[in-house]
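[1] After the sequence you'll find the predicted model.
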Amino acid sequence: MMSIEQLARKAYEAYSQQAGGKTHDGKPMPAFKELGQRIQANWIAAVQAVVFSVKDIH
């Protein structure tokens with residue numbers, strides 16, 4: 001089973017791929033490990049919210 005942190009990285013990578021690897025202003029998206037703790041924590045919190053919501057459905 002993947003950890004929340006691993007799922008957050010996967011989600012960010014999927015988002016980056018869907019966005020063509022570019023930010024909203026056309027700059028290259030950094031790798032997840034280069035985001036910094038605050039932004040990584042935001043992704044982790046978002047994924048955690050989804051995981052808990054999915055658990056409530058099942």
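    Now that the structure is in, tell me what you want to look at. Residues are numbered from 1 along each chain as shown.

[2] Excluding chain neighbours, give the residue nearest to Ala19 in space.
    Nearest non-adjacent residue to Ala19, counting by C-beta to C-beta, 6 or more residues apart in numbering: Met29, 6.7 Å away. (Each C-beta comes from the backbone N, C-alpha and C, glycine too.)

[3] Pull the distance from stretch 33-53 to the chain's centre.
    6 Å (C-alpha atoms, centre = their mean, to the nearest Å).

[4] contacts for it?
    Ile4, Glu5, Leu7, Ala8, Arg9, Ala11, Tyr12, Phe32 (C-beta atoms under 8 Å, 6 or more residues apart in numbering).

[5] how about a cut-off of 10 Å?
    Residues outside stretch 33-53 that contact it (C-beta atoms under 10 Å, 6 or more residues apart in numbering): 2-12, 15, 29-30, 32.

[6] List only buried entries from those residues.
    Among the contacts of stretch 33-53, the ones that count as buried by 16 or more other C-beta atoms under 10 Å are Leu7, Ala8, Arg9, Ala11, Tyr12, Met29, Phe32.

[7] could you redo those as a markdown table and give each row pLDDT?
    Listed next are these as a markdown table, based on pLDDT from 0 to 100:
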| residue | pLDDT |
| --- | --- |
| Leu7 | 97 |
| Ala8 | 98 |
| Arg9 | 98 |
| Ala11 | 98 |
| Tyr12 | 98 |
| Met29 | 98 |
| Phe32 | 97 |
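
[8] can I get the residues you listed in TSV with secondary structure?
    What follows is the buried ones among the contacts of stretch 33-53, written out as TSV (DSSP: H, G, I helix; E, B strand; the rest coil):
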residue	secondary structure
Leu7	helix
Ala8	helix
Arg9	helix
Ala11	helix
Tyr12	helix
Met29	coil
Phe32	helix
